Every structure is written in structure tokens, then in C-alpha cells.
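K.L.:
Predicted structure and sequence below. I'll ask about it afterward.
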Amino acid sequence: MINKVVANAELAIKDIESGMTLMLGGFGLCGIPENCINALVKKDIKQLTCISNNAGVDDFGIGLMLQNRQIKKMISSYVGENAEFERQLFSGELEVELIPQGTLATRCLASGYGMPAIFTPAGVGTEVSEGKEVRNFNGKDYLMELAFEADFAIVKAWKGDSAGNLIYHSTARNFNPVMAMAGKVTIAEVEELVELGELDPDQIHTPGIFVHRIFQGKNYEKRIEQRTVRLI
Amino acid sequence: MINKVVANAELAIKDIESGMTLMLGGFGLCGIPENCINALVKKDIKQLTCISNNAGVDDFGIGLMLQNRQIKKMISSYVGENAEFERQLFSGELEVELIPQGTLATRCLASGYGMPAIFTPAGVGTEVSEGKEVRNFNGKDYLMELAFEADFAIVKAWKGDSAGNLIYHSTARNFNPVMAMAGKVTIAEVEELVELGELDPDQIHTPGIFVHRIFQGKNYEKRIEQRTVRLI
Amino acid sequence: MLDKTGIAKRIAKEIKDGSYVNLGIGIPTLVANYIPEGINVVLQSENGLLGMGPFPYEGEEDPDLINAGKQTITTLPGSSVFDSAMSFGMIRSQKVDLTILGAMEVSENGDIANWKIPGKMVKGMGGAMDLVASAKNIIVAMQHVNKAGESKLLPKCLLPLTGVKCVKKIVTELAVLEVKPEGGFKLLERAPGVSLDEIRKATAGKLIVEGEIPKMEF
Amino acid sequence: MLDKTGIAKRIAKEIKDGSYVNLGIGIPTLVANYIPEGINVVLQSENGLLGMGPFPYEGEEDPDLINAGKQTITTLPGSSVFDSAMSFGMIRSQKVDLTILGAMEVSENGDIANWKIPGKMVKGMGGAMDLVASAKNIIVAMQHVNKAGESKLLPKCLLPLTGVKCVKKIVTELAVLEVKPEGGFKLLERAPGVSLDEIRKATAGKLIVEGEIPKMEF
């Protein structure tokens, strides 16, 4: 096996530079690469393009990079819950491209699967279709959407091994596997880095071939956005 | 949950009719739906179109359906190891469409993922590209290949539950998950049908939503095509 | 006239046994509470879960287990988790039978607008465009008129669209309406205490009234 | 002149540390036996496995665990299993660094023919077309001439193609040759005991010989 382990987030992101395009896994604050985001915030880089389903909240997740004015452009499906985001957007400091969630996921998948473009009905007849090729198959219209390119994909998994194999936990899986497949360089942070051979080959969600660097993260906060409970 | 359990292979395939298109999981003889194939062989149906990576061997797997003259057309990537196949092909009784293995897998995936077509470089500049649209993305040529339609997809898994959730074992996974997603009706036979809740939601390879019928198969032969061993 | 709970209850009656359903944020989420007993329904959450269970008990929240509204939830025996690509794969391939979602406007040909108000902060369409472009059956849960008192059932949507010709049925505080393929809102049921005139006044698009219109039943 | 083992041994030297490699059926499969120590290589089998291990000991064969040649194999610590769509996904997205496969013919511009002889039973291309269309680096392992004594290194392939302009290197019983992007087989090494003349005679396509041609080393 090929050893992909690096010591920590700082080393994992050491060659990320201003102006690059990053994919960041997670849905809301669930399954986001907390350690790498914190390391990015400490690094003197800006003008980043971030592909991520959401943009965090004001004081957590990608919101911290926004506070720090490191992001030039967000490509997301939903960006609520973030006052600083709104401010930068209206002031023109921040560019935003909103795309349907399934289109976002599938454009990542396309990249990981070596497909330059995919067809989806999402957005046909809406402003999302502007400037895009519309094509009819079997009587239904589809948009042709291009695969996403990203210099780095940064994902968070539950368990991983030195070969880069990843297993996610529950709905913290979300965009992480598709982004892991799509980065020119893919960085994975895991809650637990286990011994080679400990993960059942049948249960691996992301095979190590897609992962270039892996490290065991620390101090996961795992903030909950909407704590909903039922009465006993 | 929705209960997808049927009693046996005969009931699972009861409404498969002559002239239909079937997808059959497996790679070589590994991970093939043995019970359903045996039930199909006993049924008075013919003129079937079968989408399957291989065509079995003379006396096992899809080869039995060939012996029985039930197949009009095979869509496969590799069809060696089968004398009756060769005989029917040369006599003109059997039609064969050979397509690249990755194209086969991805055309199934496309169907399951609601994508009417995909782009692949496989076959560009070869006879596989005849009559197909070639399109250049970023300086590279790709063929547009259409999603596969199948009346029934028949797959084999290791474990499953009444909700239709499936887990495969080792490389017997192969085409089964992508075909499971692609059938208008998907039939799954499993070695072990377990209690609802016994399968870890994180470890399910095929979510039950894709599966319409499931049953516990019996008497699995699991024939080995190339028994290779090393000396102690 | 119905309250939000009433709308949710009425929509719950539309859910067929053995179906996979995606519930949007807001009133649609409430629908889960009123699914009739004996009806087997599997809720799909587009962030990657089939078989969404109820909210967890206090202290049992798992930050890794949320729904598309980012609420803490639970799984059920038979649940499965998958990634976002597969989630929208099953949506696009119409394995999800029914989508219930809110709307700002619906047009008489079934167009829906529910994601953007020009000049206001736009949060994004999330998974709504994917859902409305693919679902076999789409039911909209919404108020019949907006806060300014203007009808949300229009000849043509004024707001940017989420999807075209996709809404099959609408349940509001006033009525249940079917969107006809040839255009027009066909009145199916009136809410308790609501007159035909009130519905007519609140419906800017073409309203089709044929024969006696029954009162909603729950 | 090399035997099959020799060809496999020589190709093994081409494998870089830290690479993912797909080995075709025949001589390429033998390459696995000669990968130098200290070189970390992960073998991909396109039926859905990364980290292919050696054949199992007698009695430990698992019918569910085979490679693309349908041989019983084993996994290694760190192996992973996946479905055929993901397998060819990683091939198409060029995560597999090197593909080694056999051929019936290679042309001087890198075209390869290895799946079909008109008039004979055609078994199919399997995964070969996907592999040659996508791999960053493709090495062909084959005999320099066919059983009729005709060269397999041609100006232009005569048999139906498997892929175009894709082969980077060829290792035969006679020589190691690089396929130049501008066309031509550049002779890199001679097999032990093989003269330049023998190679010239066995090569129908344009052979490029520059300077002294070293003997193969193992």
C-alpha cells in the first residue's frame, strides 16, 4: 500500500495557494473538515474559489474563511444562516454562484468518474439554464452541466487508514465521497486513523486511490445547527 | 419500511415475459443471480435481450439460458468460455453487441442516476464509435453513450433485509449495485435475508428504494472459473 | 380555514402506502406527524438518508445525523445512508414517488417559484430544483395568498422559477386544487368554513369549478 | 531473446514507487511477481478491487474474490472493494497511473489492436478499451512478431483498433521501444543476444535508432 499519512492539517494544506479552487465537504455544519478549515483560516491565502454545498455560519466552518476575507467566490446550493456572507455579497466583495444541490453533487461525481459533462433536468426553464446547452432525450429536456475542476478537495471522514481508505459516519457522509473523488489533490481528515487492515474492504466508502493525504484531526466540535428533540 | 420480500425465485420472476430486456449482475460466474437464472431456465420465455458483462459458461449461469435458446441478444463486454454461444452466434441465431466494460457499467449507472446519457473516451476511434456522437471536451474526444433501459434487473447480494437493502461480499459486488439501480423492476436474491435493523445503515451498498423484490436464495454453487492457488 | 397543521394533515392523506416521500422544509416537514396508521412510508432526506425517523430524545442528538433542514433526527430499522450523488441519483431516476414542498407562487400550468425574490438576499435553491424537475408527483403546501394579500396561484409566475410544469396538486388553508395538464387550477375540496367565493377571490389564475365541491375530510 | 518471464521482469522495472497499476491478462499478470522490493505498488483489478494480493493457498479460495481474469486471488491489508462503475470511474479519471496489457498489433503512432480478428470468434474487448482510452501511461507486453512471422509493430494497425494514440512503450522478446508522439518506434534497449538487425527485420513500422542501443538490464 501507499502511505498517504501527513502529520497534521497545516502540513496537509501547505501548498494551497491564493487564487486556487477548493472543494469542501459537508452539509451545513455536518461532516465539514473542521481541522483543515481552521488551518486555512490561519494561512495567508485569499481569492479562493470554494465549492461547497453551504457556506458555514458566521463563527464556524467556512464562515470563518469569509470573516477573514479569504474567499473570492462561493459555488453552493444554499448559503443562508450567515450575516457576513450577506454583507460581502451585497457590497460586491463576494461572488456567488448558486446551483442546484444535485447538480453540485453530480458535477463532482462526474469529475471523479472522468466524465466531462452530465445531463440533468434540474434547472430547465429557470435562470439556472441560462447560457447552457439544453438537450432533449426521450421527450424530456436536460441541461448539460460540466464536471467541476478543483485544485484541492478537502473532506472529513470518520475512520481512515494510511492507504487513504475512508469510512464516513451517518449523514456526515453527504458530499464528502463525491468531492474526495474530484480533487486534483484530495486531503482527508479523519476522526480516527486506524491500522492498515482494520477496515473491512467491503465497507470502505472512498477507496484510497482517490486520497492523496490523510491525517487524524483533533478537537472536533461538530456543532449542531438545528437541535431538534422530541419529548419523552 | 416497505416490505419487498417474496417467497422464492419463481415468484420473483413471475411476470418476466418473452421479448423483455433483462440486466443480470455478476462478473464471469462471480456474483451471478443463480437462483433467478435457474428459475428463468425453467420458464417458458424466449427472445430475451440480456445485458450482462459475460454470458456464463456452457453449463452454468447465463449459459444455461443460451442452451435453452431463450436469448435473442446479448449485450456484454466479454463472452468467451462458451461453445454454445459461439455456435449460435455463427449460425445467426444469436445477436451480440459487444461494448466496453466501463461503458456497460456506466450506462447502467446513468440509468439508476436518472442521466439519459454519459460521455466516455472508451472506443473513440474504434468501431465502437460507429454511429455515435463524438464530442470534444478540453481537447479530448468522448463518445456519447445512452443510459440502458431494462424491464428487469436481477442481482445477487450477500445479505439483504425486507426493506430491500443490500450488502455485497467482496468482488461479487461488481455490476450488481449499478444494475440494481437501473431496472424498472429490480429483483435481488441474497444468501442471507436478515432482520430489519440488523444491517448498519452506513454499510448498505444498495439502498432498498432501488429494490422491488427480494428473497433468500438457496443451494448456491458459486462455481469458480479459474481456480488459481499458490504453493505453501 | 386551515392552520398549518390542518394543511399538513390534509396532505398526509395524499400519501400512498408503500411510497418513498421527500418532505421540504416548513409545513411539509409537519406532514410526517400525520401519516395514517397502517400506511408504510419511507422518508427520503436529500442530504443522504432513506428512512428518516423522529427527532431524537434530548441527550441523544447525533451531530452526524441530520436531515436536509439541518435538524437532528434519528434512523429507523431498515434505514440506509448514502452520498449526495446517489441521493440525487435516486431523485432523478424517479425512485422517490412524491415530493411535498412549499412555494411562493404556482402558475396554472404547474410552474413553481420558491427560491428567489429579486432584490432580497437569495439563500439558494438547495435541492428544490432537482426535486421538482424529477419527481413523478409534486404536491405544494402553501398559503393561498401572500402577506400582502396577493394570490400565489397565478396565471404565470412573477418570481424566478424553480421548475416548470411540475406541480400536480396544491393544498392551502382554503382549498385542495389539482393543476390540470392543459392548464388551470381545478378545485377539488374546500377547507371547512370556506366559501367558493373566498377561493375565487384568492385565486388569480384560472380556477376550474365543476359540480359540487366537497368539504375537506381528514 | 527474452521469454515471457523476461518480458514481465523487464516491465516490472518500469513501475514507479507509489503507483496504482492495472495488469491485463497474460504476460502482464506475471509482472506482479517481479516488482522490485521497496517499491510500493497497488494493483487495481477492474472488476472492483484495489490492492490485489497473491493467489490464495489451496483450500482458501473464495469464489467471491476474483480478479479481472476470473482467477481466485486474495486481498491485502488496505485493500478496498467497489462496484464496476466506480472501478471504471477511477480508470477514466486517471487515478490508475499505469496500464500494462497485451496486444496483437501496435502502430507507430501508438494505436493498439488487441480484441478482434475478423472472421474469428470475437470474445469482446472487456475493459481494454476503457483502459487504453484513459490511462496516463500504457505499456504493451507482446511478442515482436506473430505466429506467421509477421511484425506486430506496424506503420498502421490492420486489425480493428482497441484505442488510438495511447501506447507509450512496448516490451517484446527482442527489445524495449518507446512510441514517439510524432510517430515511430524509438529503440531504447536490445534484449540479450539480439542484434540491431534482428530488431530491424522484425519491425515493420518506422524504427528510430539513435546512437548506441544498450542491452537490457534487469
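P.N.:
All right, it came through fine. Numbers count the residues shown, from 1 in each chain, chains lettered A, B, ... in the order given.

K.L.:
do you know how far the closest residue to residue A:197 other than its chain neighbours is from chain B?
P.N.:
In space, and not counting its chain neighbours, residue A:197 is closest to residue D:77: 2.9 Å by C-beta to C-beta, 6 or more residues apart in numbering or on different chains. Using the backbone N, CA and C atoms, a C-beta is placed for each residue, glycine as well. In this view, residue D:77 and chain B are 15 Å apart by C-beta to the nearest C-beta, to the nearest Å.

K.L.:
residue contacts, residue 176?
P.N.:
Went with chain A since none was named. Contacts for residue A:176 were tallied using C-beta atoms under 8 Å, 6 or more residues apart in numbering or on different chains; they are A:25-26, A:31, A:155-157, A:166, A:168, A:206, C:83.

K.L.:
try chain C instead
P.N.:
By C-beta under 8 Å, 6+ apart, residue C:176 lies in contact with C:10, C:169-170, C:187-189, C:216.

K.L.:
If we use 6 Å, what do you get?
P.N.:
Counting by C-beta atoms under 6 Å, 6 or more residues apart in numbering or on different chains, residue C:176 touches C:188-189.

K.L.:
And the helix or strand containing it, how far out from the chain middle?
P.N.:
In the assignment (DSSP states H and E), residue C:176 maps to strand C:175-179. Taking C-alpha atoms, centre = their mean, to the nearest Å, one finds the center of strand C:175-179 at 12 Å from the center of the full chain.

K.L.:
and the angle from the next helix or strand after it to strand C:175-179?
P.N.:
Proceeding N to C from strand C:175-179, the next assigned helix or strand is strand C:185-190, under DSSP H and E. Orientation note: strand C:185-190 sits at an angle of 150 degrees relative to strand C:175-179 (axes from the mean of the first three to the mean of the last three C-alpha atoms, to 10 degrees).

K.L.:
quick one: buried residues of the next helix or strand after strand C:185-190?
P.N.:
Going down the chain from strand C:185-190, the next helix or strand is helix C:196-202, by DSSP H and E. Using 16 or more other C-beta atoms under 10 Å in any protein chain shown as the test for burial, helix C:196-202 gives C:198-199, C:202.

K.L.:
cool, and stretch A:62-74?
P.N.:
For stretch A:62-74, the buried set under the neighbour-count rule, 16+ other C-beta under 10 Å, comprises A:62-68, A:70-72, A:74.

K.L.:
any idea which helix or strand carries residue A:185?
P.N.:
Going by DSSP H and E, residue A:185 is part of strand A:183-194.

K.L.:
Please enumerate the helices of chain C.
P.N.:
Counting by DSSP state H, chain C has these helices, from start to end: C:4-12, C:27-31, C:84-92, C:128-134, C:196-202.

K.L.:
ok, for the one residue in chain A that gets nearest to chain C, nearest residue in space, not its chain neighbours?
P.N.:
Using C-beta to the nearest C-beta, the single residue of chain A nearest to chain C is residue A:102, 3.0 Å away. Leaving aside its sequence neighbours, residue A:102 sits nearest to residue C:88 (C-beta to C-beta, 6+ apart; 3.0 Å).

K.L.:
Run through the residues of chain C sitting next to chain A.
P.N.:
Residues of chain C found near chain A (C-beta under 6 Å from any C-beta of the partner chain) are C:47-49, C:54-58, C:61, C:63-66, C:70-72, C:81, C:83-85, C:88, C:121, C:123-127, C:129-130, C:133-134, C:160-161, C:164.

K.L.:
what does the lowest-mean-pLDDT helix or strand in chain C contact?
P.N.:
Counting by mean pLDDT, DSSP states H and E, chain C has its least confident helix or strand at helix C:27-31, which shows a mean of 93. Under the contact criterion C-beta under 6 Å, 6+ apart, helix C:27-31 has outside partners C:4, C:7-8, C:11-12, C:23, C:100-101, C:141.

K.L.:
and with 8 Å instead?
P.N.:
C:4-5, C:7-8, C:11-12, C:15, C:23, C:69, C:100-102, C:141-142.

K.L.:
So of those, which two are at opposite extremes in space?
P.N.:
The widest separation within the contacts of helix C:27-31, taken as C-beta to C-beta, falls between C:15 and C:69 and amounts to 18.8 Å.

K.L.:
coming back round to it: show the buried residues in the contacts of residue A:176.
P.N.:
Among these, those classed as buried by 16+ other C-beta under 10 Å are A:25-26, A:31, A:155-157, A:166, A:168, A:206, C:83.

K.L.:
Report the contact partners of the residue lying closest to residue A:97 once chain neighbours are set aside.
P.N.:
Spatially, and ignoring its direct neighbours in sequence, residue A:97 is nearest to residue A:75 (4.7 Å; C-beta to C-beta, 6+ apart). Counting by C-beta under 8 Å, 6+ apart, residue A:75 makes contact with A:49-52, A:96-97, A:99, A:104, A:148.

K.L.:
Near chain B, which residues of chain A? Just list them.
P.N.:
Counting by C-beta under 8 Å from any C-beta of the partner chain, the positions of chain A adjacent to chain B are A:106, A:113-121, A:137-138, A:140, A:142, A:146, A:167-170, A:173, A:201-203.

K.L.:
Narrow the residues you listed to just the buried residues.
P.N.:
A:106, A:113-121, A:142, A:146, A:167-170, A:173, A:201-203.

K.L.:
all helices for chain A, in order.
P.N.:
Taking DSSP H as the criterion, chain A carries its helices at A:9-12, A:34-42, A:62-67, A:83-91, A:101-112, A:176-180.

K.L.:
and those helices, which one's lowest on average pLDDT?
P.N.:
Among these, helix A:83-91 carries the lowest mean pLDDT, a mean of 88.

K.L.:
Residue 75 bridge partners, please.
P.N.:
I'll assume chain A. Beta-bridge partners for residue A:75, by DSSP bridges, are residue A:51, residue A:97.

K.L.:
right idea, wrong chain: chain C
P.N.:
On the basis of DSSP bridges, residue C:75 is bridged to residue C:52.

K.L.:
quick one, what contacts it?
P.N.:
With contact set as C-beta under 8 Å, 6+ apart, residue C:75 has these partners: A:170, B:201, C:49, C:51-53, C:65, C:81.

K.L.:
Output these as JSON lines; include the columns pLDDT.
P.N.:
Listed next are these as JSON lines, based on pLDDT from 0 to 100:
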{"residue": "A:170", "pLDDT": "98"}
{"residue": "B:201", "pLDDT": "98"}
{"residue": "C:49", "pLDDT": "98"}
{"residue": "C:51", "pLDDT": "97"}
{"residue": "C:52", "pLDDT": "96"}
{"residue": "C:53", "pLDDT": "95"}
{"residue": "C:65", "pLDDT": "98"}
{"residue": "C:81", "pLDDT": "98"}
